[in-house]
Each structure stands twice: as structure tokens, then as C-alpha cells.
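Engineer: Pasted the sequence and its predicted model underneath.
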Amino acid sequence: MGEVSEMTGENVLRAARYPFLPDAKEFISRNIDLSLESLERTGSEAALKRAVERVKDALIFKEVRVSGLNELNYVREMLSFPIAIILVSVVMNEYVRRMYALGESRGAYKRMLNESDETLLYIGEKLGVEGVLDSENTIRVRIPIYLNLAYSFHSPHWKLVNRILDNGYVLVSRSEYARLLQVEVNNYIYEKTLEPVPAGAVPESFKRAVEEIVKVWNKLEAGKPGYAPLKEREDTPPCIARIITRMENGENASHFERLVVATFMIARNRNIDEIIEFFSKQPDYKYGVTKYQVEHLAGLRGGGKKYSVPSCRTILTNGLCHPDEYCRGINHPLRYGEKNAARKPGVS
Amino acid sequence: MRRMLQESLGFLKREFFKYYYENIGRLVPPEPIRSREFGFFLEKGKGMFRHKCFNSLRDFHEFVLNEVPFDIYVSAANYEDPCNRDMSEKRLVNAELFFDIDAESVSVADSEESAWTCQKCNQYDLGFRDRCPVCGSPTEPVRLVSEKQLKEALRETEKLINVLSKDFGIALEKIHVFFSGNRGYHVHINQEDFLSIMGEGRREIVDYLLVQGLDEKELFDFLNRNVGIESVNPRGIKGRVYRRVLEMAGSMEKHKGGRSRRETVFKMLGNAVEELKVRIDPVVTIDMHRLMRMPESINSNSGMVKKRVQHGDLTFFKPLEEAVAFGEEGVSLKVRVAPRFNLGGKTFGPFKDEEVELPTYAAVYLVCKGLGEYAGR
């Protein structure tokens, strides 16, 4: 046996707590036969059960919880993660994919908040989100890494302009660093669930597990309009189309929903008056207030900053993601169905 | 622009060919050439010929010498399939970070330094007029960029370089500065890990440079704590803005006006931002699919070259002399109207309805600007 089996107890527990780390993968691949047939034979029932629990946790609580007891059962815990990914891929549902990635990454975030600096930086390094502890005991992250992760956050304090930059690095707090790692974990897991699993290779026990997940999901989705796999693609992504329909029916939309719709319409170059007219159906509509807010979002007031449309992640965390097949692989509503959208770039 | 006469087009093509024939070795697109999309203006007034790609530098040079394009562009992005006509099918891998700083147009009082044309009825004259005196439609001002305007753009470029190196930690040798050949400066960043920044991240960089979206509440909270300037972390644009506001507040204390505190702070903030922001064109930097003018190629809006400026030469760089691509040989030109302009270290004009003999570079310049027609050697 190689180095991994010589992992210290502490490190094995860490790998169980963060099963997306390469450590867990190496531990498994060195100690356990990972082929699907053998997984079914080698008494992986417990791991399968735990995998289903992971997905259910994600769907129901939006967070995959890992207890101390789970960690102590480290082989089962580590195994349950790749199995859960397989199950989610087999479900072939965009919403389940996104919710699972969100649930895993949220759980990991909460656990990371309690880690030592050393562990936190170790996880970051393994995820390709290297942090450096500087002489002032602050964590620094390279600007490109920061930007590719932090752009999806909407709070102003994440904007680069509000950060301290120094010689190529952004200074972040411990919890902010953990948030960045969460995004990376989310992206990593989501990508993993996009990888197709050959239908013939899926064992019976897995198929039953998938059915169980679908059942839970159907229960959660009850009363909501169904998931429409294939239809003529509209210009508007389903999340935003749904809000628009509800608003057109005079339903009161939340602040965030209004922000999504307004920024989307602005991004699609809809005329300000048209947008205000659209909002006039809202029960609490006041012309002056709406006009001010829409103009503000369009960057016509205040600092002249035009607000961008929230990313898929933000829409998902606000419980508004209802993806269809054209959402596959995109991370921003404006990219909806991008494969078909011809773009005409400019020159300088 | 008015349609150019055949003689003028022939003149430009001949001169451009001479330049490319002599200087083809200078035309080196960013590596790797195979993953870049190229675009060309092959004829005046026609659309761009794009989605072109080349397997080697040699093929590219051959194309340029055969076609003698009016303008040459290369993508900032690397693609897996650069000649695919469908933008998303090109499959973007990464893209150089790219900035454009244009000279601001200034209103000129001197009537010899400005001219106007009317697109509708073809009238024109020196001086300044909003509307055509004959047909009453709005005029097109003819403003040739001045040394002074370009100097200001260069100062702005230096500001950009400073922020890129200090805050963004980019080494000077990775920051390539170019005079665009017409109205401004281009800055290309060739730093490995910055290539991967996607569109949203580039927008953040733009907001940082233009100081957009600064958290005003945080500034107020900071000011309310009434702490001294030494407690500001001076690093980054936020630190610089805070310090500037505190400096202004310090000098303001002595003459309090009737304004509310809130208004005063906003005014100071506005002033600090105006002073500290870098005036880049946001659209250019955000668009990863953008085609950039090819370094050392001719800009057909002026007949000057997009010229690399070394960091050591920034202070004394003279764009209107150093980017001149053509010789001194005399050319006869029928000039409709041209305000006074500087080029190649000399001053020309103003001209109106006259046939003048000009050095080739100045003749090319006026023809490119649509102000004169070639009338032989």
C-alpha cells in the first residue's frame, strides 16, 4: 500500500469531511475497487444509503450535513460522495444537479468555518484556490482566482473596487475565503454531475436509489408547474419567465425578484418606460419610486453603475431556479441557450 | 465618410503595400497564431472579412501582402476553432486582457483648427457650425486629433499602467502599450493567470478602474469613526479614495459652507473619484471576443501605424511623429477642407478647395480622413 494508507487518522477524517478533495479519491482508489459492478458486490449498501441521504439532504435542507459519526465511518462517507454524484447524473435533472452541488458546497462551507488556518489553506490549495497567509496574518488570493469565483456574489463588499488589492492579491477574511472555496466546490460538483453515466452500467440497486430521489423531488415540487424538458426555446430563461408571468398576474414579487426582472430587461435593452409600465401591475406600484429604482439599476443615476443580472447561483440560492435543458452548463441567465446565440463582437 | 475616388483608393493601396512589403517582419500576432481569429477590412465601405485563421506566420504575411488590407485585426481570445463562423462554436479558451483609452474630444475655439461637412448636401467649410447654412441639417465636425489631446490620453495610460502594476501586480514587461494609430492608446496584458478571467471578472476590473460601485455607506461609517488619515489602509483604490477624501475634508474644515455634511461628503467623493479613476473604454475590456487592431499595422482612419511604446519612452513619446508610416515624397492632393493639423513634426493647413503638394504621409492622412483626393505625383 502506498502513502495514502499511511494517512494519519486526522487526515482520513478530513478526507471524509470533505470527500470532494483529491485525498478522498486517492484513499478510495488505493483501498477500494471502484468499478460499478464491484461496488454493488462489496457491501456498499451502507454507502449507497448514505449517498441517497446526501442528495435528500441537499434537496430538502439545501445543505448536506456531515456528523461526527459520519466522519468516523470514513470509508462509507468517502464512498457515498462519488455514488451520490452518479445518482444525481442518472436523475438527469438540471434542478437536482444544481441543488445537490449547492447542498454539498453549503455543508462544506459551514464545516470549513470551524477549521484551523492550516486546514483551510490546505483545502484551498487542493481545490486550486490557493490562499497565502501574509506577514499581517491575512489571507491573500490571486486576483484572477478571486474574480472568477466572487463575481457571482451580489453584496457590494465583494466588488473588487471595495477590496484591498495589493500587488496582484485580494485580501480576504477567513470566512470570505471559505465562501470562495464554497463556490469552487459548488462548481466542481456541478461539473461532475454533468458527466454522463452509461445507462447500462448502472446497477439495479442504484436505479432504485434514483427512484427514491425522484420521489422526494416530486414531493418537493408538488404544486409547482412541472419541469419541461424540451420545448421551443424562448429568449427568456425559465427562472425569469416564471417571475414575469407571476408579476403579469398581479402577484406581489419580492425585492430580489424585481431586481432580477429589471436588470434582465435592462440587459436586453428594453426601454425604461416599458419596464416601468411592466412594474405598474404590482400592488404597491408608485411611478416615482419605480422610475427612480429602474433608472438606478440602469446606471442612469447615482454612481453611474449599471447593475448586472444576478448569476444562476444567486438565483438558485434565492429559490428561484427552475431550469430546462437549455440551462445546461450555463452559469448566467443571459447565457441562456447560448450555444445557439450568434454574437457579433466589436473591434478596437 | 464620402465615397473615395478610385484614384485615391489606388494611391492608398500602393502606399500601404510599400509599407507592408518593407515592414512585414514587424507584423507578429500574439502567440499562438493558430488559435486566433483574424479580421480585415479589404475594401473601403464594405463589411469586415472575419473568422479568418492562419496556420503559420508565413501564411498570415502572405495574405497581408496579397490583399493589402486597409485594416488588420486579431482576436484577444484564443479559440479551439477560431475560423468557425458561430461565435460559441469557436469555443473560447482564454483571452488577453485589453484596454482602450481614447483622446477626449475637446471643443476648439480657433476657427482654423476646426471644420465641418454636411452629409446631406455636401457643403463644407472651415470653422465651427452646428447646422448646415444651406440645408439646415446637422453637420459633421472635422476634428483632427491634436498633440495635446493625445498627451492627455497618454497621461491616462500612465495612470492605468501604475494601477496595473501596483494593485494588480502585473510586471511592466507584461504590459504592452501601443499608440492606436489614430485617437488613443491600447494596453495589452500578457500575463498568464489573467488570461483566464471571464467576462464578469473583467467587468469588475473595469468597475475598479472607473471607481464604480464604491460602497458609500462604508465610507460614511469610516468618516463617522472620526479617525485619522494614518488609519486608512493605503493600498488599493479604496485606500486612495479614502485618503483623498480625508485630505479634502482637512482643508475644508476651515471654511464650512451652508451645505449639509452628507452633500459635502458626496461632493468630495465625486471629486476624489474624478481625480483617481482611469478613463478606459469599458466595453472593450469586458468583451472577450473583441478583435484588436494588429500591432504595427496601418490604421486606415489616419494612415498612421499602431505603434508599440516602450515604458522608458512614455514620457517623451510623440505619436504624431513616431507613428508616421510613409515618406516625404511630394504628392498632389485636391483638398476639400482641412483644418490646421500637425504631423511628422510639421504643421499643415488650413486648406479649403485647393490643390496642394504634400509629403506622402500628410497626403495619406487627409485621404484617409476623407478630406482630400489624390491628384497625382
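Structural biologist: Happy to help now that I have it. Residues are numbered from 1 along each chain as shown, chains lettered A, B, ... in the order given.
Engineer: Whichever residue of chain B sits closest to chain A: neighbour count?
Structural biologist: When distances are taken as CB to the nearest CB, chain B approaches chain A most closely through B:Gly169, which lies 2.2 Å from it. C-beta: built from backbone N, CA, C; applies to glycine. Counted with other CB atoms under 10 Å in any protein chain shown, residues neighbouring B:Gly169 total 16.
Engineer: Look at the closest residue to it other than its chain neighbours and say how many residues are nearby.
Structural biologist: Sequence neighbours aside, A:Gly168 is the residue nearest to B:Gly169 in space, at 2.2 Å (criterion: CB to CB, 6 or more residues apart in numbering or on different chains). Applying other CB under 10 Å, we find 21 residues neighbouring A:Gly168.
Engineer: so where's the stretch 151-300 of chain A uncertain?
Structural biologist: Per-residue confidence of the stretch 151-300 of chain A (counting by pLDDT under 70) places the weak regions at A:222-234.
Engineer: where do the helices sit along it?
Structural biologist: In the stretch 151-300 of chain A, the helices defined using DSSP state H, counting those that start in this stretch lie at A:174-194, A:204-221, A:238-248, A:255-267, A:272-279, A:287-297.
Engineer: I'd like the ones you listed laid out as JSON lines, including mean neighbour count.
Structural biologist: As requested, those are arranged in JSON lines below (neighbours: other CB atoms under 10 Å in any protein chain shown):
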{"stretch": "helix A:174-194", "mean neighbour count": "20"}
{"stretch": "helix A:204-221", "mean neighbour count": "15"}
{"stretch": "helix A:238-248", "mean neighbour count": "18"}
{"stretch": "helix A:255-267", "mean neighbour count": "20"}
{"stretch": "helix A:272-279", "mean neighbour count": "16"}
{"stretch": "helix A:287-297", "mean neighbour count": "16"}
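Engineer: Relative to B:Ile101, which of the ones you listed is closest?
Structural biologist: Proximity to B:Ile101, assessed across the helices of the stretch 151-300 of chain A by CB to CB, is greatest for helix A:255-267 (25.7 Å).
Engineer: and that closest one, what does it pack onto?
Structural biologist: Counting by 3 or more CB pairs under 8 Å, 6 or more residues apart in numbering or on different chains; DSSP states H and E, the packing neighbours recorded for helix A:255-267 are helix A:238-248, helix A:272-279, helix A:287-297.
Engineer: Mind putting these into a markdown table with distance to chain B?
Structural biologist: As requested, those are exported to a markdown table (distance: least, CB to the nearest CB, whole Å):
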| stretch | distance to chain B |
| --- | --- |
| helix A:238-248 | 18 |
| helix A:272-279 | 20 |
| helix A:287-297 | 12 |
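Engineer: quick check: domain ranges of the chain?
Structural biologist: Answering for chain A, as no chain was given. With automatic domain parsing serving as the domain definition, the record reports that chain A contains domains spanning A:4-108+A:194-221, A:117-186, A:238-339.
Engineer: let's do chain B instead
Structural biologist: Domain segmentation of chain B under automatic domain parsing yields B:6-104+B:145-208+B:281-325, B:212-276.
Engineer: Compare the mean pLDDT across the ones you listed and name the weakest.
Structural biologist: Of all the domains of chain B, mean pLDDT reaches its minimum on domain B:212-276 (a mean of 81).
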